[in-house]
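K.L.:
sequence and predicted structure are below.
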Amino acid sequence: MRTGGVPTHPHQPAANAVSGYFDVASGEPLHPAAREVLLNAYDEGWADPARLYRSGRRARMLLDNAREVVAAVLGCRPDEVSFTPNGTQAVQLGILGRFEARERDRTELAVSAVEHSSVLACATRLESRGAVVRHVGVDAAGLVDPDEFAAAVGPQTALACLQAANHEVGTVQPVDDVAAACAEHDVPVLTDAAQAVGRVGLPAHWSILAASAHKWGGPGGVGVLAVRRGVRWRSPWPDDERGDGRVPGFENVPGVLAAAAALRARHEEAAGLAERHWPLVEHIRTRVPQVIDDVDVVGHPTRRLPHLVTFSCLYVDGEALVTELDRAGFAVSSGSSCTSSTLQPSHVLAAMGALTHGNVRVSLGAEVTHDDVERFISVLADVITRLREQAGMS
């Protein structure tokens, strides 16, 4: 198999894979298919792809081939795909660029209440500049009602934002249903697909899409922004001759090549990984409440990502729980996946009406086994019992 003219190899265990690493939703080890590509690309793809001499043309060919690979997975045209330094910047460019080019009478933005913080931060910025932001709630499983979202969209809406799948609880959102309602008012839909790409089938009817390579086993420092032809969009940044007018600056060609190699490999593995991960996550969802009292498993039970589960534990501090699990050899996240260091409660869990403290997000990697999961549940029960005893709650 080849990606961008550089050979890749079938999936093998990553050299730095760890059996207790249960936080791939935050970032995965570099996929084996990307490792050799990345090293070779530093030799073959180092030159400026904007130059006409041989090494520049070679870099441009590799970059264009990688763009074709990514576009094929996303279900769009290669010329609709641009590469950014990260997924957050892709989201920001997608939203702000749409408002930069919007029709003057379109002053509203519709967002779900459980979007990633990068989406909500853009909404806050636009609101400070006079935009009207309409937040659409979710049910107890974190699922948006398409009819409720449709009611928040109208002729004055410039953009609707609905993630493909939630980054904290794994609930897969009805993006295509929402897009159908938005189409009645000619409203484009931006979908943050960071957690869905390479895991589940993507929605078909998005207008702007953002993703991040380190979520599918690509290198950090590579994001994807796709803007459909026909969508009114203009970069909010000063004009630049690079990045097809979307993303200024010198492209990270080696990183992009490795990201494309990892994405193609992950896309080919997705069905098999889902088949392995689904029963493991189902076992966690069922078993944890059986062995630990006062635990609430959150997220949709069936309309969900196959590898991710979140649960909240009464009478336990989330940060302490993460620390103790780490000491026991398990890496998990707690609180809002993107703001846990701030000790702020999760806006996702709050929007769902769930417990916002003492929560744990588990997301399984390719090498996790049933024995790993069983060991995790046993350690989790011991840690929670000890923490509750220390807090005088048991």
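P.N.:
Cool, the structure landed.
K.L.:
list the contacts for the most centrally placed residue in the chain?
P.N.:
Per C-alpha atoms, centre = their mean, the C-alpha nearest to the average position across the chain is that of residue 194, at 2.1 Å. Shown in contact with residue 194 (C-beta atoms under 8 Å, 6 or more residues apart in numbering): 87, 116, 167, 210, 211, 212, 215. For glycine as for every other residue, the C-beta is placed from the backbone atoms N, C-alpha and C.
K.L.:
burial check on the second one, number of neighbours?
P.N.:
Close neighbours of residue 116, defined as other C-beta atoms under 10 Å, add up to 24.
K.L.:
can you give me every residue that contacts it?
P.N.:
By C-beta under 8 Å, 6+ apart, the residues touching residue 116 are 91, 163, 167, 192, 194, 338.
K.L.:
show me which of those residues is closest to residue 251.
P.N.:
Using C-beta to C-beta, residue 91 comes nearest to residue 251 of the contacts of residue 116, at 19.1 Å.
K.L.:
please enumerate the helices of the protein.
P.N.:
Assigned helices in the chain, in chain order: 32-44, 54-74, 87-101, 117-128, 146-151, 175-183, 253-291, 318-327, 347-352, 370-390 (criterion: DSSP state H).
K.L.:
of all the ones you listed, which one is nearest residue 244?
P.N.:
Of the helices of the chain, nearest to residue 244 by C-beta to C-beta is helix 54-74, at 9.9 Å.
K.L.:
angle of the closest one against helix 32-44?
P.N.:
With axes from the mean of the first three to the mean of the last three C-alpha atoms, to 10 degrees applied, the angle from helix 54-74 to helix 32-44 works out at 160 degrees.
K.L.:
from the contact counts, what lies against helix 54-74?
P.N.:
Packing partners of helix 54-74 (3 or more C-beta pairs under 8 Å, 6 or more residues apart in numbering; DSSP states H and E): strand 2-3, helix 32-44, strand 81-84, strand 223-227, helix 253-291.
K.L.:
chain center to that helix: distance?
P.N.:
Relative to its parent chain, helix 54-74 has a centroid offset of 23 Å by C-alpha atoms, centre = their mean, to the nearest Å.
K.L.:
buried ones from the contacts of residue 194, can you make that a ChimeraX selection?
P.N.:
Burial among the contacts of residue 194 is assessed by 16 or more other C-beta atoms under 10 Å; the matching ChimeraX selection reads:
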select :87,116,167,210,211,212,215
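K.L.:
do you know the pLDDT at the closest residue to residue 283 other than its chain neighbours?
P.N.:
Distance criterion C-beta to C-beta, 6 or more residues apart in numbering; nearest residue to residue 283, sequence neighbours excluded, is residue 373 at 6.1 Å. Confidence at residue 373, expressed as pLDDT, is 97.
K.L.:
residue 373 against residue 284, yeah?
P.N.:
Yes. The pair residue 373 / residue 284 is scored as a contact, 6.3 Å apart, by C-beta atoms under 8 Å.
K.L.:
quick one on the thing from earlier: identify the residues contacting the residue nearest to residue 283.
P.N.:
280, 283, 284, 364 are the contacts of residue 373 under C-beta under 8 Å, 6+ apart.
K.L.:
10 Å instead, please
P.N.:
For residue 373, the contacting residues are 22, 279, 280, 281, 283, 284, 287, 362, 364, by C-beta atoms under 10 Å, 6 or more residues apart in numbering.
K.L.:
now it: how far from residue 364?
P.N.:
Residue 373 sits 8 Å away from residue 364, going by C-beta to C-beta, to the nearest Å.
K.L.:
between those two, which contacts overlap?
P.N.:
Contacts common to residue 373 and residue 364, judged by C-beta under 10 Å, 6+ apart, are 22, 280, 281, 284.
K.L.:
the second one contacts residue 366, doesn't it?
P.N.:
No. With contact defined as C-beta atoms under 10 Å, residue 280 does not reach residue 366; the gap is 11.7 Å.
K.L.:
right, and the helices of the chain - which one's nearest residue 158?
P.N.:
Closest to residue 158 of the helices of the chain, according to C-beta to C-beta: helix 87-101, at 5.8 Å.
K.L.:
which other helices and strands contact that closest one?
P.N.:
Helix 87-101 sits against strand 81-84, strand 108-112, helix 117-128, strand 157-161, strand 189-192, strand 208-212, strand 223-227, with contacts defined as 3 or more C-beta pairs under 10 Å, 6 or more residues apart in numbering; DSSP states H and E.
K.L.:
state the pair within the contacts of residue 373 that is farthest apart.
P.N.:
22 and 279 (15.8 Å).
K.L.:
which of these two has more neighbours?
P.N.:
Per other C-beta under 10 Å, whichever of residue 22 and residue 279 has more neighbours is residue 22, with 26 against 12.
K.L.:
so where's the stretch 1-150 of the chain uncertain?
P.N.:
Within the stretch 1-150 of the chain, the ranges that satisfy pLDDT under 70 run 1-18.
K.L.:
recalculate using a threshold of 90.
P.N.:
Low-confidence segments of the stretch 1-150 of the chain (pLDDT under 90): 1-19.
K.L.:
overlap in contacts of residue 373 and residue 284?
P.N.:
Contacts common to residue 373 and residue 284, judged by C-beta under 10 Å, 6+ apart, are 22, 362, 364.
K.L.:
which of the residues you listed fall within strands?
P.N.:
Among those, DSSP state E puts residue 362 in strands.
K.L.:
closest to residue 157 among the shared contacts of residue 373 and residue 284?
P.N.:
For the shared contacts of residue 373 and residue 284, the minimum distance to residue 157 (C-beta to C-beta) is 36.3 Å, reached by residue 362.
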